[in-house]
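Student: Need coordinates for the following:
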Amino acid sequence: MLKVDPHTGEEFFTNKRNKKFASKSNQVAYNNELFAVKRESESLITERLHHNQTIIRIALNGTKSTTVTKEYLIARGFNFYSITHFKKKDNTTFYGIFEFTYSVINNEQFKIEENGKQLLA
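Tutor: Residues are numbered from 1 along each chain as shown. Now for the predicted structure:
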């Protein structure tokens, strides 16, 4: 069976129906290129999330929970649109950034909590 390698465009012969690449190195190079494109497209979002995570870690300063002002978060460049998850519970919305959550206490204050490895179970 004659096939065309999607990475190099070369024709190759194979007896296997599911073989797509002429060699393992072509397959690895092809998949690396696909992953690089994906990583590049996600990099801005990932950077914002990690920046928010760092701000929260600094605010918590080793504790499990703290209250901060909106001004504190804005001054450090916190992006309120970059979250990993959210959950509503008892008329309160909890916004998640990896292992942390924050909720609005009033218009100017936020409660930040560390939830460990659980994601708002």
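Student: and the helix or strand hosting Arg39, what does it pack onto?
Tutor: Using DSSP states H and E, the element containing Arg39 is helix 24-60. In terms of contacts (3 or more Cβ pairs under 8 Å, 6 or more residues apart in numbering; DSSP states H and E), helix 24-60 is packed against strand 65-69, helix 70-75, strand 92-97, strand 100-106, strand 109-114. C-beta here means a position set from N, CA and C on the backbone, and glycine is covered the same way.
Student: Now do it against strand 92-97, angle only.
Tutor: Here the directions of helix 24-60 and strand 92-97 differ by 130 degrees (axes from the mean of the first three to the mean of the last three Cα atoms, to 10 degrees).
Student: In helix 24-60, which of the residues would be classed as buried?
Tutor: Of the residues in helix 24-60, Asn26, Gln27, Tyr30, Arg48, Leu49, His51, Asn52, Gln53, Ile55, Ile56, Ala59, Leu60 count as buried by neighbour count, 16 or more other Cβ atoms under 10 Å.
Student: As TSV, those with pLDDT and distance to Ser82 would be great.
Tutor: As requested, the buried residues of helix 24-60 are exported to TSV (pLDDT from 0 to 100; distance: Cβ to Cβ, whole Å):
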residue	pLDDT	distance to Ser82
Asn26	95	37
Gln27	96	34
Tyr30	96	31
Arg48	95	4
Leu49	96	5
His51	97	8
Asn52	97	6
Gln53	96	10
Ile55	97	11
Ile56	97	12
Ala59	97	16
Leu60	96	18
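Student: Done for today, thanks.
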